[in-house]
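>>> Build me a model from this:
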Amino acid sequence: MSKDMRIRLRHLKLEDFQNLRDAMVQAYPDMASAIWREDHIRTLIDLFPEGQFCVTVNGKVVASALSIIVDYDLYGDNHTYKQITGDYTFRTHDRSGDVLYGIDVFVHPEYRGMRLARRLYEARKELCERLNLKSIIAGGRIPNYAQYANSLKPREYIDKVKLKELYDPTLSFQLSNDFHVLKVMQGYLQGDTSSLEYATLIEWNNIYYDQRPKIAGRANEVVRLGLVQWQMRPMSNLEALCDQVEFFVDAVSSYKADFCLFPELFNAPLLAEFNNLDEAAAMRGLARYTEPLLRQFIDYAIRYNVNIITGSMPWLDGEHLKNVGYLCRRDGTWEKFEKVHITPNEVQYWGMIGGDEVRVFDTDCGKVGILICYDVEFPELSRLLAMQGMQILFVPFLTDTQNGYMRVRRCAQARAIENECYVAIAGSVGNLPKVENMDIQFAQSAVFTPSDFAFPTNGIKSEATPNTEMTLIVDVDRDLLKELNAHGSVRIMRDRRTDLYELKLLKGGSANGAPMKKKAAMRGKE
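Coordinates of the predicted model:
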């Protein structure tokens, strides 16, 4: 080993992967299953970059410590490595959790004896204190136990290591770094033959932990939703429409709501200006107002301190017409979402095409998903969002008949159960007698829940009066979702047979179809 040596502790980067993998292969010669793939490391860095440490020697990664934050009450002391990591997806990482969970520490064998692991442990402790987390917990291997299994039970072996009568390379090190053993776990890490799949549940307590009821910057657990059941009425111009929008934003904000949800194509009253055009041309004319409306929504979100889901509006993407909406956050940032599935009538009469992006949005109240109307009838989309950590799904919709509405409603209720999340739907009511491109409306806005003891027996948190202009203000508790996921009567997200089937998002897909023009009455809007 070179005498000229430079040792550095820093956060792990994705470009370190090859060196990292080389160190893992050497550190775990008999455990191929312990070698993380590049996509695992990418996910950890994306989710929690400050929790991934490495030590470099002369620029080469030779040791690493990986960790996540968990809400430990959801897992307790009886868990496996697979469970605590979310089947190695790390979806168990929770920024609002209270425990830093160590998922791996390893050192390249050629660099052992240099106390590199101690540097990594100290970095973890500093992180735990800085984030005001209660403790560091990990499942520790006991790799020398197999040598003594015929004569000693796991507890006896641990006691002898504590008393320094025996030496275990992992446990002895952990004990010397102020960790204590909480219990012995059986079947913790599949394939760990050296430990006979036993592990010690170890903990280091943060003595500076301040158990405050709320820590600045963490997402609210109880989230207040404001749904706007919008009345379609004649409006002379954009200013009149914005006055009505602002009225509802103000009303919802006055109840200190965290979100304000508008329906799909709520700006349809402005179609009256284009009555002389056919359906496709009129909808393209309406698209002129989308950017001015976006600017207004951004302003309202900031001024009224509420995250606004703008419903949807037509938008021209070059020559293509899409059905899009915007999440306007109260911090001034905003993002666009697109309707993925377009109904046959939207294609035929308006010439719309679908978007090709399915993703969750980060907010100050956790991760949310947004699907426009017809999209909620495709269970794959909401499941993809749930796999990305969605806890609240917003569905702006537009239906003209009761059977169209019931499709949206029933599917939304199913999505809440399937994905262990809340689903909020908001639609429009009334009619526009002087607008040729829009029919009568039917809606009953509502918030749906999973179906278990902690939730309403009918899975309906609250619902509006049918076909009446109003707002619906509803509180939803994200902690109940965590409890359901871990300890529910059934645990749908956890019990999926990922060994038998899988669902994945295909990247690089393109929307197909071109605008089509034909004059006809519009039916079956969703």
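
>>> Point out where this protein drops to low pLDDT.
For the chain, the stretches flagged by pLDDT under 70 are 1-4, 212-220, 436-437, 507-526.

>>> what residue lies at the spatial centre of the chain?
The residue lying closest to the centre of the chain (CA atoms, centre = their mean) is residue 389, at 2.4 Å.

>>> That one falls within a strand, correct?
No: assigned with DSSP: H, G, I helix; E, B strand; the rest coil, residue 389 falls outside any strand and is coil.

>>> Which residues are in contact with the closest residue in space to it that isn't next to it in sequence?
Distance criterion CB to CB, 6 or more residues apart in numbering; nearest residue to residue 389, sequence neighbours excluded, is residue 367 at 4.4 Å. C-beta: built from backbone N, CA, C; applies to glycine. Residues in contact with residue 367 (CB atoms under 8 Å, 6 or more residues apart in numbering) are 360, 361, 388, 389, 390, 391.

>>> Quick check: the farthest pair among the residues you listed?
361 and 391 (11.5 Å; CB to CB).

>>> which residues of the stretch 301-450 of the chain fall in strands?
Here the stretch 301-450 of the chain has its strands, by DSSP state E, counting those that start in this stretch, at 307-309, 313-317, 320-328, 334-338, 361-363, 366-370, 392-396, 422-426, 428-430, 446-448.

>>> Adding distance to residue 285, write these out as JSON lines.
Output for the strands of the stretch 301-450 of the chain, formatted as JSON lines (distance: least, CB to CB, whole Å):
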{"stretch": "strand 307-309", "distance to residue 285": "24"}
{"stretch": "strand 313-317", "distance to residue 285": "9"}
{"stretch": "strand 320-328", "distance to residue 285": "11"}
{"stretch": "strand 334-338", "distance to residue 285": "20"}
{"stretch": "strand 361-363", "distance to residue 285": "29"}
{"stretch": "strand 366-370", "distance to residue 285": "25"}
{"stretch": "strand 392-396", "distance to residue 285": "21"}
{"stretch": "strand 422-426", "distance to residue 285": "25"}
{"stretch": "strand 428-430", "distance to residue 285": "20"}
{"stretch": "strand 446-448", "distance to residue 285": "33"}
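
>>> Count the neighbours of the residue nearest to residue 449 when sequence neighbours are not counted for me.
Excluding the flanking residues, the one nearest residue 449 by CB to CB, 6+ apart is residue 455, at 4.1 Å. By other CB atoms under 10 Å, the residues close to residue 455 number 22.

>>> Would you verify that residue 455 is located in a strand?
No: Residue 455 is assigned coil when assessed by three-state DSSP, not a strand.

>>> ok, residue 390 - how many residues close by?
24.

>>> measure it to residue 125 for me?
33 Å (CB to CB, to the nearest Å).

>>> Next: residue 377.
50 Å.

>>> again with residue 236
Residue 236 is 65 Å from residue 125, by CB to CB.

>>> got it, and residue 230?
53 Å.

>>> got the contact list for residue 5?
57, 58.

>>> Ramachandran coordinates for residue 139?
phi -100, psi 110 (degrees, to the nearest 10).

>>> I'd assumed residue 186 was in contact with it.
No: taking contacts as CB atoms under 8 Å, residue 139 lies outside contact range of residue 186: 11.2 Å.

>>> more crowded one of these two?
Per other CB under 10 Å, whichever of residue 139 and residue 186 has more neighbours is residue 139, with 21 against 11.

>>> partners of the residue lying closest to residue 256 once chain neighbours are set aside in the sheet?
Nearest-residue entry for residue 256: residue 224, 6.3 Å, with adjacent residues in sequence omitted and distances by CB to CB, 6+ apart. For residue 224, the beta-bridge partners under DSSP bridges are residue 475.

>>> any idea how far residue 94 is from residue 224?
21 Å.

>>> Identify each buried residue in stretch 181-188, please.
Using 16 or more other CB atoms under 10 Å as the test for burial, stretch 181-188 gives 181, 184, 185, 188.

>>> How about stretch 25-32?
By neighbour count on 16+ other CB under 10 Å, the buried set for stretch 25-32 is 27, 28, 31.

>>> For residue 490, which non-adjacent residue is closest in space?
Excluding its sequence neighbours, the residue lying closest to residue 490 (CB to CB, 6+ apart) is residue 452, at 7.7 Å.
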